[in-house]
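Asker: Sequence unavailable; structure follows:
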């Protein structure tokens, strides 16, 4: 489950805000930052969680692909670590 800070970073990646206690009512925006609505904030939790699942799956797929390429070359992750890579 996402935190309020993670949701804000997802919805406003440029920053410019402060939040405490994961509570919408505690968000303080810097001057010039477009505030989000409570509805956007609340919907952002599900959006962030779905995005995070996608990112984790893509990372796992990339790792598996890299390991398969290493195996095709007769190498393992341990071989790379032994080389300091």
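Answerer: Yep, it's here. Bear in mind that the values here come from a model prediction, so they are computed numbers and not experimental data.

Asker: got the residue ranges for the strands in this structure?
Answerer: 17-18, 28-29 (DSSP state E).

Asker: Packed most tightly, which of these would that be?
Answerer: By mean neighbour count, with neighbours taken as mean count of other C-beta atoms under 10 Å, strand 17-18 ranks first of those at a mean of 14. In short, each C-beta sits where N, CA and C put it, glycine included.

Asker: What are the contacting residues of that one?
Answerer: If you take C-beta atoms under 8 Å, 6 or more residues apart in numbering as the criterion, strand 17-18 is touched by 8, 27-30, 33.

Asker: Which two of these have the greatest separation?
Answerer: 8 and 30 (12.1 Å; C-beta to C-beta).

Asker: Of the two, which one has the most company?
Answerer: More crowded of residue 8 and residue 30, by other C-beta atoms under 10 Å: residue 8, with 24 against 9.

Asker: In contact with the more buried one, which residues?
Answerer: So residue 8 contacts 17, 19, 27, 36, 41, 44 (C-beta under 8 Å, 6+ apart).
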